[in-house]
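[1] what follows is a predicted protein model with its sequence.
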Amino acid sequence: EKEAGEGEGVQYEKALEDMTLEDIEALPPLGEVVEEGVDSLEDLMVEDRRFGMKMQALRGEFDPEEGEDDDEKGTNLASALMMFPGPCQFKLVARNENEGTVDRLLEKLGDAQGVRVLKHTTEERMKGKFVSMEVEAHVLSAEAREEACEMMKSDDSVKMVF
């Protein structure tokens with residue numbers, strides 16, 4: 001079993017995590033630490049693999065490449081996981097304002113371009129104050145699904161869409 005600082009490369013009495021500010025300030029300059037035959041920082045990085053990895057990380061060499069945002073508002077995930085055109089489930093929770101709430105929401109979802117409602121189930125929640133709906137629909141594309149979700153979210157009675 002190795003003690004702190006033992007192994008390849010430069011050896012220290014303590015691990016960096018155990019060093020105090022005074023210990024760090026007392027460290028010799030890098031030029032004095034470099035072993036004989038090591039001419040540059042790059043050579044030191046080759047000699048001491050852990051040091052090299054740390055330097056690469058500090059330089060940003062392990063940072064992810066810049067790309068398109070891929071969050072819950074995009075269609076990338078839905079496009080990758082779901083087969084379009086094809087069946088898609090929508091789950092809605094809405095305030096049950098009157099007897100026509102479910103029919104009104106189903107009609108609104110069916111009016112979305114590229115979405116055709118196939119069947120649905122409903123369940124009243126909190127003594128009829130809210131209604132939970134599971135809707136199965138045929139959807140043409142991830143974009144049509146996203147537009148339908150946004151349309152449902154814009155309704156004041158709808159509290160959740162997923």
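    Yes, it's here. Numbers count the residues shown, from 1 in each chain.

[2] what about Arg95, how many residues nearby?
    15 (other C-beta atoms under 10 Å). From N, CA and C alone the C-beta is placed, and that goes for glycine too.

[3] which one is it nearest to, not counting chain neighbours?
    For Arg95, ignoring the flanking residues on the chain, the nearest one in space by C-beta to C-beta, 6 or more residues apart in numbering is Ser157 at 4.7 Å.

[4] give me the below-cutoff pLDDT ranges for this protein.
    Within the chain, the stretches with pLDDT under 70 are 1-13, 30-41, 67-77.

[5] just the strands in it please.
    86-95, 115-125, 130-139, 158-161 (DSSP state E).

[6] in a markdown table: the ones you listed, plus distance to Met45.
    Formatted as a markdown table, the strands of the chain follow (distance: least, C-beta to C-beta, whole Å):
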| stretch | distance to Met45 |
| --- | --- |
| strand 86-95 | 51 |
| strand 115-125 | 56 |
| strand 130-139 | 52 |
| strand 158-161 | 51 |
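
[7] which of the ones you listed sits most buried?
    Neighbour counts (mean count of other C-beta atoms under 10 Å) averaged over each of the strands of the chain peak at strand 130-139, with a mean of 19.

[8] who does it pair up with?
    strand 86-95 (antiparallel), strand 115-125 (antiparallel) (DSSP bridges).

[9] make a markdown table from the ones you listed and add distance to Glu17 to it.
    Converted to a markdown table, the strands paired with strand 130-139 look like this (distance: least, C-beta to C-beta, whole Å):
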| stretch | distance to Glu17 |
| --- | --- |
| strand 86-95 | 47 |
| strand 115-125 | 51 |
